[in-house]
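Colleague: need a 3D model of the sequence below.
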Amino acid sequence: MTEEGASIEESFFNFIKEHWIWIAIIVLGFFVWKFNLVMGVLSLTGTAFLGWVAWKFWIHYIQQDFISGIDFVLLEIIPPREVLRSPKAMELFITNALYHWSMKGGKEQYWQGAVWFWFSLEIASIDGQVHFYIRTPTRVKGLIETQIYAQYPQAQIKTVEDYTLAVDEISSKSDWNGWGCEFALVKPEAYPIKTYVDFGLDKDPDEEFKVDPISPVIELFGSLQKGEQMWMQIVITPSKKEYGTWFGKHDWVEEARNQQLKFLKPYTKIHDEGERIEVRVPDYLKKTVEGMVSKVSKIGFDTGIRVMYMGKKEAFDMNNRRNIRLIFRQYERPDSNAFTRVNSTQADAFNTQFFPLSSEKVMILANRMLHEFQERSFFHLPMRHILNNHTIPKFLLFFIKQFWLPYFHPSTFVLNVEELATLWHFPGQILKVPTLERIESKEASPPTNLPI
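Modeller: The predicted model follows:
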């Protein structure tokens, strides 16, 4: 077969693969019309649809029942005064303590409603005092403590009350004002963000030569005044996302490799009827390809990121509301990936620039996000999220939002453990933020030769 004929055949099969649903509908529709089976097909389709809806409601019910039995605890981790280890230590902690992947099926999944645990890695500033938190099921509390001490022996861990509950609500009647948003990836998940390796922190440079990407976040959080708060949460669970069609599904690693092939296709030649493949990547794209290959070499987590700025109404600073939007700019790789702001609680929340929301409706959105932050909700959402800004057609949003505000559909994506450790780790000594609480002195074991 000639190269031109192979190209036509490939285009044909790609067209079939992309539009197979519509082709199947057209073929079935013809036979239904030809043999006068309309009523029978409608009855069968309606029964199948109702069965599918009932199944979805059952799964949701048993999962929510299972989740209601999980006790969560909030742990504050106070880093030591001297953090000499690179974020690689945090990468090892996240891998060993938070990756709880297991096979679930049969009775466990479809009768008991068992779900995988999820965790929230958080940084919060309360009146300028910066704190690190982990929200975890109590069943995993002991494992988290041992793994933190394994990497940071001088750290301190304590159970604390949930700091978010100090803000009761955001409304015209409350003392608080607030703004929040979530983040999504600009490009497909196969493309990595800039990590601590790109900043050279994997080489363990001397403290004065370190350029730590988390420093701008801590500095901003530490600059708040009395009556102001900033919160950041990274909610993670082992990745179980599936891609593909009814004919076959695959995980995020396979999807990333498909993205690599798609990216390399313009630079790929096939010789000798497919026996030899030659790929010539331009030099200026090699870093991008290396990053894509490196990303799938480490375990991945389904991830959701949310930030909020809260303030008493007399202390609320619009500048800080703008500043918190930019806290992830340092992780941007123009040749690869970056974070973009989504689901902002502001007047143009539904991309309606001409007729933005009123201040009362903006407060409703901010109050909803406050509750979702308190619930750490990104996975296994309540039923109220069925009608959201993704399930409702865009042309209807304009009319619906006049009398009711749909919920935001939370954006989740896959980050590998190296990317997560970049976003959430303890800064080194070079960061001199006095409002970041640290352990003041080292703890040491007593000498072995003390008299008894």
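
Colleague: low-confidence ranges in this structure?
Modeller: When residues are selected by pLDDT under 70, those of the chain lie in 1-20, 32-38, 40-41, 207, 245-247, 272-275, 352-354, 429-452.

Colleague: mind listing the helices for it?
Modeller: Along the chain, counting by DSSP state H, helices occupy 3-18, 20-34, 38-68, 88-98, 107-110, 141-151, 215-222, 252-264, 286-295, 318-323, 359-375, 394-400, 417-423.

Colleague: most tightly packed of those helices?
Modeller: Most buried of the helices of the chain, by mean neighbour count (mean count of other Cβ atoms under 10 Å): helix 417-423, with a mean of 24. Every C-beta, even on glycine, is put in place using the N, C-alpha and C of the backbone.

Colleague: identify the residues contacting it?
Modeller: Residues from elsewhere that reach helix 417-423 (Cβ atoms under 8 Å, 6 or more residues apart in numbering): 87-88, 90-91, 94-95, 99, 121, 192-197, 213-214, 234, 236, 294-295, 298-301, 303, 305, 328, 331, 415.

Colleague: count the residues that sit near I170.
Modeller: For I170, the count of nearby residues is 27 (other Cβ atoms under 10 Å).

Colleague: I'd say it and N177 touch.
Modeller: Yes: with contact defined as Cβ atoms under 8 Å, I170 counts as touching N177 (6.5 Å).

Colleague: mind giving me the domain split of this protein?
Modeller: As assigned by automatic domain parsing, the chain contains the domains 3-34, 71-423.

Colleague: got the ones you listed as CSV, with distance to T47 columns?
Modeller: Below are the domains of the chain laid out as CSV (distance: least, Cβ to Cβ, whole Å):
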stretch, distance to T47
domain 3-34, 16
domain 71-423, 19
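
Colleague: can you say which of the ones you listed is nearest to G51?
Modeller: domain 71-423 (14.5 Å; Cβ to Cβ).

Colleague: which residues touch V73?
Modeller: Each residue near V73 by Cβ under 8 Å, 6+ apart is listed here: 135-138, 141, 159.

Colleague: filter those residues down to the buried ones, ChimeraX style.
Modeller: Of those, the buried ones can be selected in ChimeraX as follows, counting by 16 or more other Cβ atoms under 10 Å:
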select :135,136,141
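
Colleague: farthest-separated two in the contacts of V73?
Modeller: Farthest apart among the contacts of V73 - using Cβ to Cβ - are P137 and T159, which lie 13.1 Å from each other.

Colleague: and stretch 295-303, end to end?
Modeller: 15 Å (Cα to Cα, to the nearest Å).

Colleague: packing partners of the longest strand that the chain contains?
Modeller: Assignment by DSSP state E gives strand 300-312 as the longest strand of the chain. On a contact count with 3 or more Cβ pairs under 8 Å, 6 or more residues apart in numbering; DSSP states H and E, strand 300-312 meets strand 176-185, strand 228-238, helix 318-323, helix 359-375, strand 413-416, helix 417-423.

Colleague: dump those into CSV; add distance to V279 as well.
Modeller: Shown next, in CSV, are the helices and strands packed on strand 300-312 (distance: least, Cβ to Cβ, whole Å):
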stretch, distance to V279
strand 176-185, 25
strand 228-238, 32
helix 318-323, 43
helix 359-375, 44
strand 413-416, 24
helix 417-423, 25
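
Colleague: of the ones you listed, which is nearest Q64?
Modeller: Once the helices and strands packed on strand 300-312 are compared by Cβ to Cβ, helix 359-375 is nearest, at 12.1 Å.

Colleague: which residues sit against that closest one?
Modeller: Helix 359-375 has contacts (Cβ under 8 Å, 6+ apart) with 162, 164-165, 167, 169-172, 177-180, 231, 233, 306, 308, 310, 343, 345-347, 349, 357, 401, 405, 407-408, 410.

Colleague: just the buried subset of those, please.
Modeller: Buried members of the contacts of helix 359-375, counted by 16+ other Cβ under 10 Å: 164, 167, 170, 177-180, 231, 233, 306, 308, 310, 343, 345, 347, 349, 357, 401, 405, 407-408, 410.

Colleague: next one: stretch 366-378 to chain centre, how far?
Modeller: On the basis of Cα atoms, centre = their mean, to the nearest Å, stretch 366-378 sits 14 Å off its chain's mean C-alpha point.

Colleague: swap that for stretch 44-58, sorry
Modeller: For stretch 44-58, the distance to the chain centre is 31 Å (Cα atoms, centre = their mean).

Colleague: again, but for stretch 61-73
Modeller: 21 Å.

Colleague: could you dump the helices of the chain to a markdown table with distance to A184?
Modeller: Shown next, in a markdown table, are the helices of the chain (distance: least, Cβ to Cβ, whole Å):
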| stretch | distance to A184 |
| --- | --- |
| helix 3-18 | 24 |
| helix 20-34 | 26 |
| helix 38-68 | 24 |
| helix 88-98 | 21 |
| helix 107-110 | 28 |
| helix 141-151 | 28 |
| helix 215-222 | 18 |
| helix 252-264 | 15 |
| helix 286-295 | 17 |
| helix 318-323 | 19 |
| helix 359-375 | 15 |
| helix 394-400 | 17 |
| helix 417-423 | 14 |
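
Colleague: which among these is found nearest to H385?
Modeller: So among these, helix 359-375 is nearest, using Cβ to Cβ, at 9.3 Å.

Colleague: what's the angle from the closest one to strand 176-185?
Modeller: 70 degrees (axes from the mean of the first three to the mean of the last three Cα atoms, to 10 degrees).

Colleague: right, and S239 touches K295 too?
Modeller: No: using Cβ under 8 Å, S239 is not in contact with K295, being 11.9 Å away.

Colleague: could I have the buried ones of the contacts of helix 417-423 as ChimeraX selection syntax?
Modeller: To isolate the buried members of the contacts of helix 417-423 in ChimeraX, using 16+ other Cβ under 10 Å:
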select :87,88,90,91,94,95,99,121,192,193,194,195,196,197,213,214,234,236,295,299,300,301,303,305,328,331,415
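
Colleague: about what we covered before: identify the contacts common to I170 and N177.
Modeller: Common neighbours of I170 and N177 (Cβ under 8 Å, 6+ apart) are 310, 366.

Colleague: sorry, back to before: closest one of the contacts of V73 to S43?
Modeller: Using Cβ to Cβ, P137 comes nearest to S43 of these, at 45.7 Å.

Colleague: beta partners for that closest one?
Modeller: P137 has these beta-bridge partners by DSSP bridges: F72.
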